[in-house]
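Novice: With the input below, show me the fold.
(2 chains)
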Amino acid sequence: MTGNTLKVTIDRGSNAKGVQTEFEVPAHASQTVLDVVSWVQQNEDPTLSYRFACRVGMCGSCAMMVNGVPRWTCRTHISKVLDGNAVTIGPLRNLPVIKDLAVDMDPFFDKWVAAEGVHHGTLTRDDPIAPIDEAAPARVEANAGIECINCSVCYAACDTVAGNPDYLGPAALQRAWTLLNDAKDEGRAAIMDAVSDKGGCHNCHSMGSCTAYCPNDLDPMSAIAGLKRETAKSFFKRGR
Amino acid sequence: MLNLRLYMLQRLTALLMAPLVLGHLAVMIYAIQGGLSAAEILGRTQGSALWFLFYGTFVVAVAVHGAIGLRAIAHEWGGLRGPALDLFMWATGLALFALGARAVWAVTIAGGLGA
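Specialist: So this is what the prediction gives:
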């Protein structure tokens, strides 16, 4: 692709729907979507706002909508997503836009806390470290979700979040499921209550966009199904 | 929008309806053999406690199941929320129940008394 140019359309402003700017960006080999956005900001328009940090797919801060699909832009090659030689880049869906490509992540992280996605410890520094059996079924379930980088790609992909703003979303519920299965976490009752409330796991329609788009190949949909099973069992045993 | 209680009610009524739908379809196929008449249907249902229970249970399950399902659609597609959403669910459920219960009453108990 070296020598060619890309036609890059970028959404601009804060929640001002329909405002876009077009840029001609030189194409290079092994060029990522984040490289393209950075080139625009450094060479064409220094007022372009966007967010990134690690550039290696660990920090979860550079997710954007690329041709209408949520992606981690630092690990997405532009050649994989081009439509001809054109690409449209916008801010993540389902979150308020601060400016251009930067969204307000507060609702996303507030829901992590609302889903009890926090550590519920009971031990002190004087207690011995709890032994963990890596082969135990609960540990296998917990391990399946721990590589989440909080990028919000699943949250942006979720049509249930789009229609139901109170819904906690795939990432927060997957963390709740991980903690429910973690032998070191003692927050079972709090987690079960949090995921059984009106914004909880029972609002999920199992459409599976979270699992389809997760850049780390995690499976939040199955984690949410696990929460549904666990809360249903609790409903039959304890009536709630 | 859906909590655990509404979710379980919708799943349990679905479980209840699955065999009832199959029974309903089986009777439909059986009933139309050799033509279908009101007298034949009423002859089967009038004064029958079994058919009253069968379709009575069906109507209750449909009213609960349908109202919760439409609640989800009204919220996600229609933007209804808060008390308006609860009101919509209850009104839908009660209307479905009234329509169904009236029909069950008509073919089992009322007809029996009038005949």
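Novice: In contact with the residue in chain B positioned nearest to chain A, which residues?
Specialist: Minimum separation of chain B from chain A (CB to the nearest CB) falls at B:E76, amounting to 3.2 Å. All C-beta spots, glycine's among them, are computed from the backbone N, C-alpha and C. B:E76 is in contact with A:T160, A:G163, A:N164, B:M1, counting by CB atoms under 8 Å, 6 or more residues apart in numbering or on different chains.
Novice: gap between it and B:G82?
Specialist: 15 Å (CB to CB, to the nearest Å).
Novice: same check, this time on A:T32
Specialist: Distance from A:T32 to B:G82, by CB to CB: 44 Å.
Novice: Between these two, point out the one with more neighbours.
Specialist: A:T32 (21 against 7; other CB atoms under 10 Å in any protein chain shown).
Novice: quick one: buried residues of stretch A:129-148?
Specialist: Under the neighbour-count criterion of 16 or more other CB atoms under 10 Å in any protein chain shown, stretch A:129-148 has A:E141, A:A142, A:A144, A:G145, A:C148 buried.
Novice: Same check on stretch A:96-116?
Specialist: A:97, A:99-103, A:105, A:107-108, A:111-112, A:114-116.
Novice: swap in stretch A:148-161?
Specialist: Neighbour count says stretch A:148-161 has A:148-158, A:160-161 buried, by 16+ other CB under 10 Å.
Novice: nearest spatial neighbour of the residue in chain A positioned nearest to chain B, skipping sequence neighbours?
Specialist: Residue nearest to chain B within chain A (CB to the nearest CB): A:G163, separated by 3.2 Å. Using CB to CB, 6 or more residues apart in numbering or on different chains and skipping residues adjacent in sequence, the residue nearest A:G163 is B:E76, 3.2 Å away.
Novice: B:I109 now?
Specialist: Here the residue nearest B:I109, using CB to CB, 6+ apart, is B:F52, at 6.7 Å.
Novice: A:Q20 now?
Specialist: A:Q20's closest residue in space is A:T9 (CB to CB, 6+ apart), at 5.2 Å.
Novice: Helix, strand or coil: sort out B:M17 for me.
Specialist: Secondary structure, DSSP: H, G, I helix; E, B strand; the rest coil: B:M17 is helix.
Novice: how close does it get to A:S61?
Specialist: From B:M17 to A:S61 the distance is 47 Å (CB to CB).
Novice: Same question for A:E141.
Specialist: For A:E141 relative to A:S61 (CB to CB), the value is 27 Å.
Novice: Backbone dihedrals for the residue positioned nearest the centre of chain A, please?
Specialist: The centroid of chain A falls nearest to A:S152 when counting by CA atoms, centre = their mean (2.1 Å). Dihedral pair for A:S152: phi 70, psi 10, per degrees, to the nearest 10.
Novice: same thing with A:K7?
Specialist: Dihedral angles (degrees, to the nearest 10) for A:K7: phi -90, psi 110.
Novice: Export the longest helix belonging to chain A to PDB, keeping only CA atoms.
Specialist: Secondary structure assigned by DSSP state H gives helix A:220-238 as the longest helix of chain A. Below are the C-alpha coordinates for helix A:220-238, written out as PDB (Å, rounded to 0.1, in the frame of the first residue of the first chain):
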ATOM      1  CA  PRO A 220     -18.900 -12.300  28.300                       C
ATOM      2  CA  MET A 221     -22.100 -13.800  26.900                       C
ATOM      3  CA  SER A 222     -21.300 -17.200  28.500                       C
ATOM      4  CA  ALA A 223     -20.300 -15.400  31.800                       C
ATOM      5  CA  ILE A 224     -23.700 -13.700  31.800                       C
ATOM      6  CA  ALA A 225     -25.400 -17.100  31.100                       C
ATOM      7  CA  GLY A 226     -23.400 -18.400  34.200                       C
ATOM      8  CA  LEU A 227     -24.900 -15.600  36.300                       C
ATOM      9  CA  LYS A 228     -28.400 -16.400  35.100                       C
ATOM     10  CA  ARG A 229     -27.900 -20.100  36.000                       C
ATOM     11  CA  GLU A 230     -26.500 -19.200  39.400                       C
ATOM     12  CA  THR A 231     -29.300 -16.700  40.300                       C
ATOM     13  CA  ALA A 232     -32.000 -19.100  39.100                       C
ATOM     14  CA  LYS A 233     -30.600 -21.800  41.400                       C
ATOM     15  CA  SER A 234     -30.600 -19.300  44.200                       C
ATOM     16  CA  PHE A 235     -34.200 -18.400  43.400                       C
ATOM     17  CA  PHE A 236     -35.300 -22.000  43.800                       C
ATOM     18  CA  LYS A 237     -33.300 -22.500  47.000                       C
ATOM     19  CA  ARG A 238     -33.900 -19.200  48.700                       C
END
